[in-house]
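Visitor: Sharing a sequence plus its predicted fold:
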Number of protein chains: 2
Amino acid sequence: MPGTPEERNESLDVIQRELTAFARRARAAAARLHPELPLVSYTLLAHIEDQHGCRATDLAAHYMLDKSTVSRQIGTLEKLGLVERHPDPDDHRIQVLHPTAAGTQALASTQASRRMAYQERLADWTEEDLARFAKYLLRYNSAGDTVPPAQQTPKA
Amino acid sequence: MPGTPEERNESLDVIQRELTAFARRARAAAARLHPELPLVSYTLLAHIEDQHGCRATDLAAHYMLDKSTVSRQIGTLEKLGLVERHPDPDDHRIQVLHPTAAGTQALASTQASRRMAYQERLADWTEEDLARFAKYLLRYNSAGDTVPPAQQTPKA
DNA sequence: ATAATTCGTTGTAATATACAACTGAAACTC
DNA sequence: GAGTTTCAGTTGTATATTACAACGAATTAT
């Protein structure tokens, strides 16, 4: 069983390298999976649905994007008729974003093709391995949520 | 223990969602970790060193990038004095790429800061979990190597 | 009320990328 | 061995993704 610090570092290096490789390939892979959706926007749309509506600011925070980037992406999604903006009656600064019917449908179809690709790719994994891998990824990503500040100087 | 198809699908969806979220955040995270290296090129440089020299075409294949993209990235790295091109004596079409001394050093320093970040983020993971996570990532990424064709019509 | 904060948009610029056309070099065909 | 095909890499061009800064409108705090 693993135990030495060297083994720990080796694992860390592998994790780092493989996650990086994955990230570098992700754009191209996504382009293959759904050429129809502007490709970045897909992710935002998925999050909007997942949250049952959210604000642009929430998206920016979740994906570490600038608000201007999100603003333009949402603009694209709106032009495509995939999201709607509903002004919050209590606070006119806020736009609550929701998928349109077309947006929900586009998501479903994209989701289906993505799931197929994953199913194929992970076909020979046991349920136990899949469950563990999923758990590790969740744990990894949620760890980041507590760290990310970096250059914000709050309450200054 | 997991066993039903529904549980399998649930795991697949989690894996898909979390990998996607990771990929979306990766650019911003990388920018924080090494603002000095042109940020994409870092990955290419790392692969070149890892392979003890390789061709531009190998990089394009490994990261699913167009050869023109790689060509320009290598050009940037060369201008920065981080890689050298050595024409293959046996085949004048080929340029074998190697990190320069400065390139190796830049990599080492970047690698160190990356490793620190990962160490911090994964500090509370056991060695066993790290080893398993690393193994899963390797397995996941290597699975892709056999699938990717997609729109190539070989031997037609 | 006035000031400070928050949410979002727009102007501008940098970077990353793909696709197509092209050059030079090797390999293959006959 | 001339002609064709394939391979490695570059360059022209266009698009996409993103950030930063300046701004506008609405809300909250003083």
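Guide: Nice, thanks for sending it over. Numbers count the residues shown, from 1 in each chain, chains lettered A, B, ... in the order given.
Visitor: which residues touch residue A:16?
Guide: Residue A:16 makes contact with B:114-115, B:118, according to Cβ atoms under 8 Å, 6 or more residues apart in numbering or on different chains. Using the backbone N, CA and C atoms, a C-beta is placed for each residue, glycine as well.
Visitor: moving C-terminal of the strand ranked longest in chain A, what's the next helix or strand?
Guide: Longest strand in chain A, counting residues (DSSP state E): strand A:91-99. For strand A:91-99, the following helix or strand on the C-terminal side (DSSP states H and E) is helix A:101-121.
Visitor: From the contact counts, what lies against that following helix?
Guide: The contact analysis (3 or more Cβ pairs under 8 Å, 6 or more residues apart in numbering or on different chains; DSSP states H and E) places helix A:101-121 against helix A:5-33, helix A:41-50, helix B:5-33, helix B:127-144.
Visitor: That helix to helix A:5-33, inter-axis angle?
Guide: Counting by axes from the mean of the first three to the mean of the last three Cα atoms, to 10 degrees, helix A:101-121 lies at 130 degrees to helix A:5-33.
Visitor: what ranges of chain A fall below the confidence cut-off?
Guide: Applying pLDDT under 70 to chain A picks out residues A:1-3, A:144-156.
Visitor: would residue A:39 count as being in a strand?
Guide: No - counting by DSSP: H, G, I helix; E, B strand; the rest coil, residue A:39 is not part of a strand but coil.
Visitor: circling back to that earlier point, could you say which of the helices and strands packed on helix A:101-121 is packed most deeply?
Guide: Per residue and on average, the most neighbours among the helices and strands packed on helix A:101-121 fall to helix A:41-50, with a mean of 21 (mean count of other Cβ atoms under 10 Å in any protein chain shown).
Visitor: Quick check, central residue of chain A?
Guide: residue A:43 (5.2 Å; Cα atoms, centre = their mean).
Visitor: re the thing from before, kindly indicate which of the contacts of residue A:16 lies nearest DNA strand C.
Guide: Among those, residue B:114 lies closest to DNA strand C (Cβ to the nearest atom of the strand), at 15.9 Å.
Visitor: Make sure that closest one is actually in contact with residue B:29.
Guide: No - the pair residue B:114 and residue B:29 does not pass the contact test of Cβ atoms under 8 Å, sitting 9.8 Å apart.
Visitor: Residue A:11 against residue B:127, yeah?
Guide: Yes - between residue A:11 and residue B:127 there is a contact at 7.1 Å, judged by Cβ under 8 Å.
Visitor: hang on, the earlier thing: give me the buried positions along the longest strand of chain A.
Guide: Of all the residues in strand A:91-99, those buried under the rule 16 or more other Cβ atoms under 10 Å in any protein chain shown are A:95-99.
Visitor: re the thing from before, JSON lines please, covering the helices and strands packed on helix A:101-121 and showing distance to residue B:79.
Guide: Below are the helices and strands packed on helix A:101-121 laid out as JSON lines (distance: least, Cβ to Cβ, whole Å):
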{"stretch": "helix A:5-33", "distance to residue B:79": "21"}
{"stretch": "helix A:41-50", "distance to residue B:79": "33"}
{"stretch": "helix B:5-33", "distance to residue B:79": "20"}
{"stretch": "helix B:127-144", "distance to residue B:79": "30"}
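Visitor: so the residue nearest to the centre of chain A sits right up against residue A:69, yeah?
Guide: No - contact criterion Cβ under 8 Å: residue A:43 and residue A:69 do not qualify, at 12.0 Å.
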